[in-house]
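Have a look at this fold, sequence not included:
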């Protein structure tokens, strides 16, 4: 089965990486067919229930489609492709349909193309229903290819909007937005009922997203106020977790006990760390915390680390760097995302 993922535009490559990380976490065998301008196409055999789990996990994907045909992005080629596509395999007798083209498509005559494709499908014995169709066909258009797709899953934008930091009981400025937090959690490869740790949990944004996909969450912060606030936020969304006030460089957990870690390293908060009686130097905190992350991770486990500077390969830990990304927060601030694997 060919599947197309219509990705969000927050980052050029992070949404793709999230999809692939989730496929790997769910043990789905796939081949990447194409990745171009926010569209990822893979070949994979996925059961409907597994696809539903995948769709529910993703934070940076708008929609998932089944690809029923491909052609050049020219009108005559598109119409010939649709005419030759066997729509009967995905449409029951008496079902209705609609045809869409994404709003961000640069195709010059979208409405005319939609009308012509709709007429071809109607000619096969199906009725149009634009308000509540049984099936929605979508023409995904790139510069080289048109994909004739059937919509399988669409992300509910409201679920992430409802978890924006300002809507939580406990709020602190400068936290990661829910969609990005979900992507970071997914990059860690965590699965349901596995142990997930954030050693700099702050207000609990990463723990919330990990808990939402069924992970068992453990959070730690040097500030008691943050730990109390995280507990309040988790409870607000019906989640629980093990929360600790303490030093991220000295965590009272046994070796090799954590399945996956994601964390946003502190920046610009050295005075708070010093006031709390722990290591005052952020420069020293980073390598010390990484050493502790390495100790706690199970062999083969992943840590996703967000920091204010690039990860240095000179740090003496047995990590393999899998991926690195630069995420622009605003004009004067970039955050560096590094995916590490314990070897």
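Sure, I can see it. A quick note: this is a predicted structure, and the numbers were derived from the prediction, not measured.

Point out where this protein drops to low pLDDT.
Scanning the chain with the threshold set as pLDDT under 70 gives 268-283, 313-316.

For the residue nearest to the spatial centre of it, give me its contacts.
Residue closest to the average C-alpha location in the chain (C-alpha atoms, centre = their mean): residue 183, at 3.1 Å. Contact analysis of residue 183 by C-beta atoms under 8 Å, 6 or more residues apart in numbering lists 14-15, 17-18, 59-60. Every C-beta, even on glycine, is put in place using the N, C-alpha and C of the backbone.

Report the secondary structure element holding it.
helix 178-187 (DSSP states H and E).

Residue 289 too?
Per DSSP H and E, residue 289 falls inside helix 282-296.

Next SSE downstream of that helix?
strand 297-307.

now that following strand: how far from the chain's centre is it?
Chain-centre distance of strand 297-307: 17 Å, with C-alpha atoms, centre = their mean, to the nearest Å.

Show me what that strand is packed against.
Counting contacts by 3 or more C-beta pairs under 8 Å, 6 or more residues apart in numbering; DSSP states H and E, strand 297-307 packs against helix 178-187, strand 258-264, helix 282-296, strand 319-330, strand 333-342.

List the buried residues of the helix holding residue 289.
Neighbour counts over helix 282-296 (16 or more other C-beta atoms under 10 Å) mark 282, 285-286, 288-290, 292-296 as buried.

Would you format these as JSON lines with distance to residue 160 included?
What follows is the buried residues of helix 282-296, written out as JSON lines (distance: C-beta to C-beta, whole Å):
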{"residue": "282", "distance to residue 160": "30"}
{"residue": "285", "distance to residue 160": "30"}
{"residue": "286", "distance to residue 160": "29"}
{"residue": "288", "distance to residue 160": "33"}
{"residue": "289", "distance to residue 160": "28"}
{"residue": "290", "distance to residue 160": "29"}
{"residue": "292", "distance to residue 160": "31"}
{"residue": "293", "distance to residue 160": "27"}
{"residue": "294", "distance to residue 160": "31"}
{"residue": "295", "distance to residue 160": "33"}
{"residue": "296", "distance to residue 160": "29"}
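
What is the nearest of those to residue 124?
Nearest to residue 124 among the buried residues of helix 282-296: residue 293, at 56.6 Å, using C-beta to C-beta.

Leaving out sequence neighbours, find the closest residue to that closest one.
Spatial nearest neighbour of residue 293, excluding adjacent residues (C-beta to C-beta, 6 or more residues apart in numbering): residue 303 at 5.1 Å.

How many neighbouring residues does the one you found have?
When neighbours are counted by other C-beta atoms under 10 Å, residue 303 registers 26.

Does it touch residue 292 like I think?
No: with contact defined as C-beta atoms under 8 Å, residue 303 does not reach residue 292; the gap is 10.5 Å.
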